[in-house]
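Colleague: sequence first, predicted model second:
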Amino acid sequence: MRTETMISDITVVGGGLSGICAAIAAARLGRKVALVHNRPVLGGNSSSEVRVWVCGATAHGTNRYARETGIMGELFVENLYRNPDGNPYLWDLVLLEAVRAEANITLLLNTDVHEVEADGGEDDRTIRSVTGWMMGSERRIRFESPVFLDCTGDGLIGFLAGARYRIGREARSEYGEAWAPDVADDITLGSTLLFYTKDAGQPVRFVPPSFAKDIAQTPIPIRRVIKSGDSGCHYWWIEWGGELDTVHDNERIRDELWAVIYGIWNYIKNSGQFDADTMTLEWVGSMPGKREYRRFVGDYVLNQNDIMAQEPFDDRIGFGGWSIDLHPPQGMYAEESGSKHMHADGVYHIPYRSLYSVNVRNMLFAGRNVSASHVAFGTTRVMATCAVIGEAAGTAAALCAEKGVPPREIYASHLAELQQTLLRQDAAIVGVVSDDPDDLALRAAASASSSRTRIEVEEAVTVYPLMRDAGILFPVNPAMAGLELLVSADADTELTVELWDTGRAENYVPAGLIGTARAAVPQGGLQWAAFELPWTPSRPQNAFVVVRRNAAVRLHQAAEPFTGVLAFERGATPNAAATLEDHDETQPVVAWSMKKLVRRPFCFRVLGETAAYSPAQAVGGYKRPYGGPNLWASEPLDGEAWLTLEWEQPVAVREVRLTWNDDVNEDLINLHHHRTPFEVIPELAEAYRVEARVGGEWTVVAAVTGNRRRASRIELPAALTADAVRVVVERTNGAACAELVEIRVYA
């Protein structure tokens, strides 16, 4: 046996999305990282071994402007380009290449860590090392570092180190959670196996194995939706084990899931109820995808009330947006719905205090084992949210290693630095203003070749019968006088619209009524109906205009999107799989759906000019939509467009960071849930150059073509003394305007 010791700044155990993002985040900040994973491929439940869709705050398009940025955002956008058809093996490669691109990461696959050396008392433990066995290589490797991250999902490292944890459901009285049971218990969410099918193009026989379940003797055919053409995560409800121990009974759970999968396929192939003669099994999983096990106890335990109140924690380091999604203990055998969902009015915030152990001083954690109640865990567990948490935990670990302090001290003394570091790296935080003192752009005056000053969507291509209430969201900065709608009518009628605010800057649902207006609409074709709705809000924010249903009226839709504008319809997405999922359709984000209207806004005009797209927005401090789009947008391109920063006195310029608009309203996914109609986000700049003005002359310092990424970091070989920096956009990836979220300049 070969025994080795590996010393690094940070040891990350677990190579799912949380561990990947933690390792990359720390490595980019200059720390040496050992990333240790017990499987041959990265990705955890998202990998080709398990094949779960990577879901997150968008909640399959339920939340608006909610797609994750930072490292998870990079992975989504890169996968869109490399893997538009959602091939699970290509997703494995996207993850592997992202890790291998970081010189500071040492990746160890097939390495199962199952020994931990820790010392100290029960209330103050310190991990000294962890040790793993590299399968197939007969290498026993001891990992030493000042900081450890448990990203194992099951929480094995923290458990072996003596960290406090919970398993199961807390009593309702503990946190006052409406969805918690009256009495605490050990029930968890179960595990799932998935399978893929394909059409072989010729008849295929299926002989079931002896252990296949006769599902006709179970509630499954009655209570669950079975279709011959579905596969993969459409069968997320093949779930079992919530009343068992999902770790220690893992083999038993797998055998039961196998029996049901082959029983379902036998039912599809041989019952005579399905058109499946040429269908065959392409792949069947062998590793149960676990949903829940240990949840560590941190300095704060996130709970249901925090989620629903969208608590704006001072120490927020990321966000989520998936519904609180809980499943019955009996899983696939339950007679009730396979899941029940509770949605907040928008995204919620995650506190840093839920990312480190209350009693192991040098351990952080990320993924499904974070400090949350069972009910809150029902939303934090989805993988894109786990990834966001991972990036934050990895960033905090890097600061711990740099400063020689434990994670709790980062909260106590370095919280602002943590948040600003995350924002500099484009991590997913909502509502925290960037005020990096080293960012020279914040001291510059911004100007541009042009900016959108009018919100006008005029070119109609599709008719929309107004059979239900419709909604239009757009920014108001600083004021509006009213709006006009492009309509047509089958008869003389009157149309009513209402102006609402959205309450919170991170929300996109009607919250408070501002005013109502009506307009007479005569019978006839295309015409503009004007509505007097003046509003000067106390701060820039979004307006939500409700157009009340009128069967005689048709709205009209455009073929191209307008950044910052969204279209909605009310009550348009009844739950087609009612036997599978239980959504409360009175909740605003469910009631007001944009899913069928994405990138196809209604034709309308806002009366008055807007500053929502001015060049100042690119240095405004927000890196995401928050009360407005928070970006500079040029007028439609006719040649080049530019944005310039000027300083009163020359400054030393060594680095320029650009954040382009990658439309975080677009719902991206890693596998086959849906296919996005483009392979590069159209709003991203495809060709651009960066220029510096030195001694009155403009000098090109970088020229980029073929860009498909949101974040660009341009490092000059040596500092230039310049009194201005200019970004010139030559082409986009298809959008009409140049759109820049942020520019930063560093010496």
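Modeller: Structure's in. What do you need? Residues are numbered from 1 along each chain as shown.
Colleague: show me the contacts for Val430.
Modeller: 316, 319, 347, 349, 506, 624, 626 (CB atoms under 8 Å, 6 or more residues apart in numbering). C-beta here means a position set from N, CA and C on the backbone, and glycine is covered the same way.
Colleague: hmm, try it at 6 Å
Modeller: Counting by CB atoms under 6 Å, 6 or more residues apart in numbering, Val430 makes contact with 319, 506, 624, 626.
Colleague: contact partners for the third one?
Modeller: With contact taken as CB under 6 Å, 6+ apart, Arg624 is in contact with Val430.
Colleague: give me the three-state assignment for it.
Modeller: Put simply, Arg624 is coil when judged by DSSP: H, G, I helix; E, B strand; the rest coil.
Colleague: now swap in the first one and tell me
Modeller: Taken by three-state DSSP, the conformation at Phe319 corresponds to strand.
Colleague: I'd like the numbering to begin with 553 instead of 1 from here.
Modeller: Got it, first residue is 553 now, which makes that one Phe871.
Colleague: neighbours of the closest residue in space to it that isn't next to it in sequence, how many?
Modeller: Residue nearest to Phe871 in three dimensions, not counting chain neighbours: Val899, with 4.4 Å by CB to CB, 6 or more residues apart in numbering. Around Val899 there are 31 other residues, counting by other CB atoms under 10 Å.
Colleague: circling back: relative to Asn1259, which of the contacts of Val982 is nearest.
Modeller: Nearest to Asn1259 among the contacts of Val982 is Arg1176, at 19.8 Å by CB to CB.
Colleague: pLDDT wise, what is that closest one at?
Modeller: Here, the pLDDT recorded for Arg1176 equals 96.
Colleague: distance check, it against Ala618.
Modeller: Distance of Arg1176 to Ala618, given as CB to CB, to the nearest Å: 9 Å.
Colleague: ok, now Gln1169?
Modeller: Using CB to CB, one obtains 20 Å as the distance from Gln1169 to Ala618.
Colleague: between those two, tell me which one has more neighbours.
Modeller: Higher neighbour count among Gln1169 and Ala618: Ala618, with 28 against 25, using other CB under 10 Å.
Colleague: check contacts around the more buried one.
Modeller: The contact partners of Ala618, by CB under 6 Å, 6+ apart, come to 609-610, 873, 899.
Colleague: and if you look at Val1098?
Modeller: Shown in contact with Val1098 (CB under 6 Å, 6+ apart): 1021, 1023, 1050.
Colleague: for those, pick the one with the most neighbours.
Modeller: Neighbour max across those (other CB under 10 Å) = Gly1023, 23 neighbours.
Colleague: name the residues linked to Arg1265 by a beta bridge.
Modeller: Arg1209 (DSSP bridges).
Colleague: tell me which residues in the lowest-mean-pLDDT helix or strand in the chain are buried?
Modeller: The weakest-scoring helix or strand in the chain, judged by mean pLDDT, DSSP states H and E, is strand 1133-1135 (a mean of 83). For strand 1133-1135, the buried set under the neighbour-count rule, 16 or more other CB atoms under 10 Å, comprises 1133-1135.
Colleague: ok, stretch 958-975 next?
Modeller: So stretch 958-975, judged by 16+ other CB under 10 Å, has buried residues 958-960, 962-963, 966-967, 970-975.
Colleague: for it, give the mean pLDDT please.
Modeller: Stretch 958-975 shows a mean pLDDT of 98.
Colleague: and that stretch, how far out from the chain's middle?
Modeller: Mean C-alpha position of stretch 958-975 versus that of the full chain (CA atoms, centre = their mean, to the nearest Å) differs by 22 Å.
Colleague: and the end-to-end length of it?
Modeller: 22 Å (CA to CA, to the nearest Å).
Colleague: mind listing residues that contact that stretch?
Modeller: With CB under 6 Å, 6+ apart as the contact definition, stretch 958-975 has outside contacts at 867, 904-905, 908, 913-914, 916, 947-948, 951-952, 981, 984, 986, 988.
Colleague: by neighbour count, which of these wins?
Modeller: In the contacts of stretch 958-975, the most neighbours by other CB under 10 Å go to Leu916, 32 neighbours.
Colleague: quick check: mean pLDDT of the helix or strand hosting that residue?
Modeller: Using DSSP states H and E, Leu916 sits within strand 915-917. Averaging pLDDT along strand 915-917 yields 98.
Colleague: other SSEs contacting that strand?
Modeller: For strand 915-917, the elements it packs on are strand 699-702, judged by 3 or more CB pairs under 6 Å, 6 or more residues apart in numbering; DSSP states H and E.
Colleague: run through who's touching the helix or strand following the strand it packs on.
Modeller: Per DSSP H and E, the first helix or strand lying C-terminal to strand 699-702 is helix 708-713. Contacts of helix 708-713 with the rest of the structure, by CB under 6 Å, 6+ apart, involve 565, 668, 670, 677, 679, 702, 848, 912, 915.
Colleague: helix, strand or coil for the fifth one?
Modeller: On the three-state scheme (three-state DSSP), Ile679 is labelled strand.
Colleague: and the strands in the stretch 903-1052 of the chain?
Modeller: Under the criterion DSSP state E, counting those that start in this stretch, strands of the stretch 903-1052 of the chain are mapped to 915-917, 997-1000, 1008-1009, 1012-1017, 1022-1028, 1032-1041, 1045-1053.
Colleague: distance to Pro840 for these - can I get that in CSV?
Modeller: Listed next are these as CSV, based on distance: least, CB to CB, whole Å:
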stretch, distance to Pro840
strand 915-917, 22
strand 997-1000, 53
strand 1008-1009, 48
strand 1012-1017, 45
strand 1022-1028, 41
strand 1032-1041, 52
strand 1045-1053, 46
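Colleague: give me the mean pLDDT for stretch 622-637.
Modeller: Here the average pLDDT along stretch 622-637 is 97.
Colleague: cool, and stretch 579-598?
Modeller: Per-residue pLDDT over stretch 579-598 has a mean of 98.
Colleague: okay, now the domains of this structure?
Modeller: The chain breaks down into these domains under automatic domain parsing: 554-721+850-858+898-976, 743-836, 992-1003+1165-1298, 1008-1159.
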